[in-house]
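**Student:** what's the 3D shape of this:
(2 chains)
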Protein chains: 2
Amino acid sequence: MSRQTIACWDIYEFSAQGPSGGNPFLDVSFDAEFSLGNRRIKVPGFYDGDGTYRVRFCPDTTGDWDMRTYSDAEELDGLTDGFTVTEARKGVHGPVRVRNRYHFAYADGTAYKPFGTTCYAWTHQPLEMQAETLKTLETAGFNKIRMGVFPKSYPYNANPALHAIFEKTGPGEAEMDFDRPNPEAFRHFETQIGKLAEMGIEADVILFHPYDRWGYADMSAEQDCRFLKYLAARISAYRNVWWSLANEYDFLLNTKPMELWHRFFHVLEENDHLQHLRSIHNGNPALNYDHRLPWVTHVCIQHWDVKQTPLWRDAYGKPVINDEPEYEGNLYQSWGNISAEELTHRFWITTVRGGYAGHGETYNDPDDLIWWAKGGKLHGEAWKRIKFLRELLEQDVEHGLEPMGSYYAFPFGRISAGMDGENGTRFIYFGEHQPARWTTGLPADGGEYDVDLIDTWAMTIEPAKIVEAHVPPPTRHGNVTRGGVADADFGVELPGRPRLALRIRPRQT
Amino acid sequence: MSRQTIACWDIYEFSAQGPSGGNPFLDVSFDAEFSLGNRRIKVPGFYDGDGTYRVRFCPDTTGDWDMRTYSDAEELDGLTDGFTVTEARKGVHGPVRVRNRYHFAYADGTAYKPFGTTCYAWTHQPLEMQAETLKTLETAGFNKIRMGVFPKSYPYNANPALHAIFEKTGPGEAEMDFDRPNPEAFRHFETQIGKLAEMGIEADVILFHPYDRWGYADMSAEQDCRFLKYLAARISAYRNVWWSLANEYDFLLNTKPMELWHRFFHVLEENDHLQHLRSIHNGNPALNYDHRLPWVTHVCIQHWDVKQTPLWRDAYGKPVINDEPEYEGNLYQSWGNISAEELTHRFWITTVRGGYAGHGETYNDPDDLIWWAKGGKLHGEAWKRIKFLRELLEQDVEHGLEPMGSYYAFPFGRISAGMDGENGTRFIYFGEHQPARWTTGLPADGGEYDVDLIDTWAMTIEPAKIVEAHVPPPTRHGNVTRGGVADADFGVELPGRPRLALRIRPRQT
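**Tutor:** Below is the predicted model:
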């Protein structure tokens, strides 16, 4: 048998036949150990139905790997294989990690800046609509998508789910044996994750949510943990997986207490050999999870006051993703009816203040085909501006934008300014502010810079009109005098309308 | 001698000649006791220069009052007078008090809703400009103005002050004897306060501020307290006075420690026989004074995130006035360059959430004639919309708007809804939200209501299109199911654009 060859960050899969009687999901243990030289990695396997057991592994290093299985079923124990891992395919960079404390990069060091959207239940829609979603995603400019394992029962989400996530026990859609996952449902889900991976889109997988009519939200703690282990065994090898423990976990606290949420994080830590990013998303703005806990890799948040982004960074010391700065649309629900201008505005504020925002689109549709839940087509205007913003960042930001000044230090609570790393490209976003002239935050080091004026709505970029630096007259503050000297080498004249930004790039010589 | 007659809430003034040698401001005590039946009120007098001593009193009750002076100067002690107080003149309602915990009313029970503007140094400008300011105020629609006793030295405020507040000791503008008030300066200041009173405009008098080149911010604690006592003796009898201890007191903390600010409040309590409203204004959003302290009557705040208004109400349990939700304009400084649309938006959010906002206008001017500091003419667009909002409130709101729901209870952190008292007119302001249809917050009591759609920018009011109430499908939140029934008797169809509001009035039958 010739040795299998796979590329780094692709998926190695081993399968074997084993017991199919009783409940193999509960009764049979099946794991594998992968090794390269003296390195050992334990990876859980899973039962895929019809007597088939599988284990999946995503190699992070080139070389000749070996594998050996462990099982309490004799025919599954002690099986071995070997495979050769070659360089990653072009465009494949591995899983996303935290880098520079508040930012992200792929495992190979390529910068990654999340510009995500939300299609909670897109994998539960009819297949034609799923194809349409993927087609939209090809050009929409998003590189992350929030999507649930479980289908969603909620306003505008009354249609049947494509698959039951557990084995059916009767004709009713809620009649399932929650101790027997339905491999077909998981196969479909991971197929779609795989397609997203090939498109360069991270799958921010939502594990639990309250919006349920099938009983998924009412499983026991043991069933929840087994579900997580099973899912981790199946999809951890997909390089583009992120774990989002819940959408709006706090609405489930009356049945899943806080210590159970902690436990869920640990189950993932124990069963995910790639240690994908982990976070959890709140509903009520007063009930954020304690994202300081060590098992949380980054902060997810839902809040409309995006100017607070630096405060959340400071509070938790991790990258901040505001999944729901409210969505563009006209729904009844107030999380889903802000204008396109406002969502664009909130993306700019969040981004320039050193965080990342999430997109959603929620326009009423006669057939309830709304992007935010079902995917399909985009109908709004914000996504184009978000794509434009992403392009600007990818062009010039390597380390990640760090907020300039502090929220409490004038004027940086009011306007937004960020710099790439310590001396890179700067963006200053004025939003609702419309100064006729600006200086603060521009360079003061005597260097050469290219300064452009950006209209964030019209998506135009033009050279900014450089003028003399503004010199604030000396101003007394008690016994301290401020001002009297310019705080930058030059100033910019602005056209006096809202929603403008400046880009300041060190001149390439 | 016939008995003098004055109207209630007007000013009774008694004067007498006394010592003029030495420093009468420091050396001579002069007070009076006013009595009506067994009631006794002690009122401090003041030295007005040229050997003249005065005491001013604002009667709150009709009847035959008596007065007797007390002084350590023999010729000023034991002087008596009597006067008859008649009903207040038409349109005169007395000083403003807190009513219904978070709101205001005049002493006679007439509701008062502050819609204030800011002209920090208008009384220090040339007299023609002061006349122009008063003319603008006649029709601008503001009923409160923030104005400093001391002139302002600050960007755009480099011109000389009209008067020295203390007696000059040399040609330089900072050469003054801070132990000798300049009566002429105070006479002018109180004359302008009197004109405002006749226009129905409250004078929110700012006592200290850091922006100074004359030495006013550097007086000793004793001089500060004597200045306050002198000012209180002079202007407390003006019914329209409010005390604002400082503009941006926190920028003075390095020379005036917190305990001194407490003391300033007490000096006013001790010397103001009308006990006018007292507050203090912050600079840094993290350094609000502790407005819970019993000597503070209402909260002044400076913050751009006006959606937090209900949080400030809850934190301090007093009326909230956001003096600076940032100003309309295009100045360099970010507190003074938001768009007219944005300031209008912030007024609506603040007001409907049960607070009050302050206006300022800060457009660049070749001669630095900027309304916010100097008065003169208004050039912007927000003031018209603020006037429109005030008219709406005065027409329909008696007790004061109370926020509906809570900041943390969906959807009231996101959109703004307020009701007059317990069962009065409601306003729902959508702002950047643009639902196609709305129900939450509309009446559910089976009553008859008139519902109007308001365009807050175009200032149009038209009957709203009433539709069936929105029935939210039942939604699971853990083991709680929400929705399934409408939360109001009817709904409204909306045109799907931002900056709209609803007014819901119990039908007059």
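**Student:** Helices of the stretch 301-450 of chain A, residue ranges please.
**Tutor:** If DSSP state H, counting those that start in this stretch is used as the criterion, the helices of the stretch 301-450 of chain A fall at A:309-316, A:340-352, A:371-374, A:382-396.
**Student:** Any part of the helix or strand bottoming out on mean pLDDT in chain A near chain B?
**Tutor:** Scoring the helices and strands of chain A by mean pLDDT, DSSP states H and E places strand A:475-477 at the bottom, with a mean of 78. Yes - using C-beta under 8 Å from any C-beta of the partner chain, we find that strand A:475-477 touches chain B at A:475-477. For glycine as for every other residue, the C-beta is placed from the backbone atoms N, C-alpha and C.
**Student:** So which bits of the stretch 401-509 of chain A are right by chain B?
**Tutor:** Counting by C-beta under 8 Å from any C-beta, the residues of the stretch 401-509 of chain A near chain B are A:408, A:410-411, A:413-415, A:432-439, A:470, A:472-473, A:475-480, A:483, A:496-498.
**Student:** Could you rerun that using 7 Å?
**Tutor:** A:408, A:411, A:413-415, A:432-437, A:470, A:472-473, A:475-480, A:496, A:498 (C-beta under 7 Å from any C-beta of the partner chain).
**Student:** Filter the residues you listed down to the buried ones.
**Tutor:** Burial by neighbour count, judged by 16 or more other C-beta atoms under 10 Å in any protein chain shown, picks out A:411, A:413-415, A:432-435, A:437, A:470, A:472, A:475-478, A:496, A:498 from those.
**Student:** Name all residues that make contact with residue A:327.
**Tutor:** By C-beta atoms under 7 Å, 6 or more residues apart in numbering or on different chains, residue A:327 lies in contact with A:335-336, A:338, A:343, A:360-362, A:372.
**Student:** Please tell me how far it sits from chain B.
**Tutor:** Residue A:327 is 11 Å from chain B, where distance means C-beta to the nearest C-beta, to the nearest Å.
**Student:** quick one, phi psi at that residue?
**Tutor:** phi -110, psi 150 (degrees, to the nearest 10).
**Student:** tell me the pLDDT at it?
**Tutor:** pLDDT, residue A:327: 98.
**Student:** Check what pLDDT the closest residue to residue A:57 other than its chain neighbours gets.
**Tutor:** Of all residues not flanking residue A:57 in the chain, residue A:12 sits nearest, at 4.7 Å (C-beta to C-beta, 6 or more residues apart in numbering or on different chains). According to the prediction, residue A:12 has pLDDT 98.
**Student:** wait, what's in contact with residue A:12?
**Tutor:** So residue A:12 contacts A:6, A:57, A:59, A:83 (C-beta under 7 Å, 6+ apart).
**Student:** In what element of secondary structure is the first one found?
**Tutor:** If you go by DSSP states H and E, residue A:6 is part of strand A:4-7.
**Student:** buried set for that strand?
**Tutor:** Buried, per 16+ other C-beta under 10 Å, within strand A:4-7: residue A:6.
**Student:** Please apply the same query to stretch A:77-90.
**Tutor:** A:77, A:79, A:81, A:83, A:85, A:88.
**Student:** check those against chain B, which are close?
**Tutor:** Counting by C-beta under 7 Å from any C-beta, no member of these is near chain B.
**Student:** which among those gets closest to residue B:257?
**Tutor:** Checking the buried residues of stretch A:77-90 against residue B:257 with C-beta to C-beta, the nearest one is residue A:88 at 62.9 Å.
**Student:** Surely the closest one is in a strand?
**Tutor:** No - if the criterion is DSSP: H, G, I helix; E, B strand; the rest coil, then residue A:88 is coil and not within a strand.
**Student:** surely it meets residue A:6?
**Tutor:** No - with contact defined as C-beta atoms under 7 Å, residue A:88 does not reach residue A:6; the gap is 10.2 Å.
**Student:** shared neighbours of those two, anything?
**Tutor:** By C-beta under 7 Å, 6+ apart, no residue touches both residue A:88 and residue A:6.
**Student:** Count residues in the vicinity of the residue in the stretch 51-200 of chain A that chain B sits nearest to, would you?
**Tutor:** Nearest residue of the stretch 51-200 of chain A to chain B (C-beta to the nearest C-beta) works out as residue A:155 at 4.7 Å. Residue A:155 has 21 neighbouring residues, counting by other C-beta atoms under 10 Å in any protein chain shown.
**Student:** counting contacts, what elements does whichever strand or helix holds residue A:178 pack onto?
**Tutor:** In the assignment (DSSP H and E), residue A:178 maps to strand A:176-181. Strand A:176-181 sits against helix A:24-27, strand A:166-168, helix A:221-235, with contacts defined as 3 or more C-beta pairs under 7 Å, 6 or more residues apart in numbering or on different chains; DSSP states H and E.
**Student:** got a list of contacts for the helix or strand following the longest one?
**Tutor:** Right, helix A:221-235. Next along the chain after helix A:221-235, taking DSSP H and E as the criterion, comes strand A:241-246. Strand A:241-246 is contacted from outside by A:146, A:193, A:202-209, A:235, A:252, A:261, A:264-265, A:268, A:276-281, A:300, using C-beta under 7 Å, 6+ apart.
**Student:** Using PDB, write out the CA atom coordinates for strand A:241-246.
**Tutor:** This file holds the C-alpha atoms of strand A:241-246, laid out as PDB (Å, rounded to 0.1, in the frame of the first residue of the first chain):
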ATOM      1  CA  VAL A 241     -13.600  26.300  12.200                       C
ATOM      2  CA  TRP A 242     -14.200  28.700  15.100                       C
ATOM      3  CA  TRP A 243     -16.200  27.700  18.200                       C
ATOM      4  CA  SER A 244     -18.900  30.100  19.200                       C
ATOM      5  CA  LEU A 245     -20.400  28.400  22.300                       C
ATOM      6  CA  ALA A 246     -23.700  30.100  21.900                       C
END
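**Student:** What's the mean pLDDT across it?
**Tutor:** 98.
**Student:** and what of stretch A:134-154?
**Tutor:** Mean predicted lDDT for stretch A:134-154 stands at 97.
**Student:** quick one: buried residues of it?
**Tutor:** A:134, A:136-137, A:140-154.
**Student:** Now, those that are in strands?
**Tutor:** A:144-148 (DSSP state E).
**Student:** want to throw those into JSON lines with distance to chain B?
**Tutor:** Below are these laid out as JSON lines (distance: C-beta to the nearest C-beta, whole Å):
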{"residue": "A:144", "distance to chain B": "24"}
{"residue": "A:145", "distance to chain B": "23"}
{"residue": "A:146", "distance to chain B": "18"}
{"residue": "A:147", "distance to chain B": "19"}
{"residue": "A:148", "distance to chain B": "14"}
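**Student:** biggest separation within those residues, which pair?
**Tutor:** Of all pairs in those, the most separated under C-beta to C-beta is A:144 and A:148 at 14.4 Å.
**Student:** check contacts around residue A:143.
**Tutor:** A:114-115, A:200-202 are the contacts of residue A:143 under C-beta under 7 Å, 6+ apart.
**Student:** ok, and the most crowded of these?
**Tutor:** Counting by other C-beta under 10 Å, top hit in the contacts of residue A:143: residue A:202 with 27 neighbours.
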